[in-house]
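Asker: Starting from these lines, generate the structure:
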Amino acid sequence: QVHLVESGGTLVQTGGSLRLSCAASGSIFSPLLMMGWYRQAPGKQRELVSSITSGGTTNYVNSVRSRFTISRDNAKNTVFLQMNSLKPEDTAVYYCNADGFYQEASKALRRGNFWGQGTQVTVSS
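Answerer: Numbers count the residues shown, from 1 in each chain. Below is the predicted model of the structure:
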């Protein structure tokens, strides 16, 4: 299996910046195909914020484009989300997500989709 651990969430003022990190570990068949960030605000559905393929192709939801930057380190199976010009509406639990192959104990390769436990980002107005 693959385990994802996020870090970097905290309370920040409007206009501030944060950098989220997510490290994947386990029997990973590197690199993971896709890594990304979702967020879920209270009373709202979880939404995709940004994603990045192993080849570096990125995708952003319109509301964060030009403010957030996603990057990854394939060698370390780590993904980052640099968040600038934060707004109160960015307040949410941010979840790391990964899609890729891992090796079972039988040595067989399996494809899976994995989630981190989430990290809280709160932007005060």
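Asker: so where does the residue lying farthest from the centre of the chain fall, helix or strand?
Answerer: The C-alpha centroid of the chain is most remote from residue 106, which lies 29.2 Å away (Cα atoms, centre = their mean). Per DSSP states H and E: residue 106 is located in neither a helix nor a strand.
Asker: For it, what are phi and psi?
Answerer: Backbone torsions of residue 106, given as degrees, to the nearest 10, read phi -80, psi 0.
Asker: who's in contact with the nearest residue to residue 24 once chain neighbours are set aside?
Answerer: Distances taken as Cβ to Cβ, 6 or more residues apart in numbering place residue 77 nearest to residue 24, at 4.0 Å, with adjacent residues excluded. Placement of C-beta: from N, CA and C, glycine included. Listed by Cβ atoms under 8 Å, 6 or more residues apart in numbering, the contact set of residue 77 reads 23, 24, 25, 28, 30, 31, 32, 35, 98.
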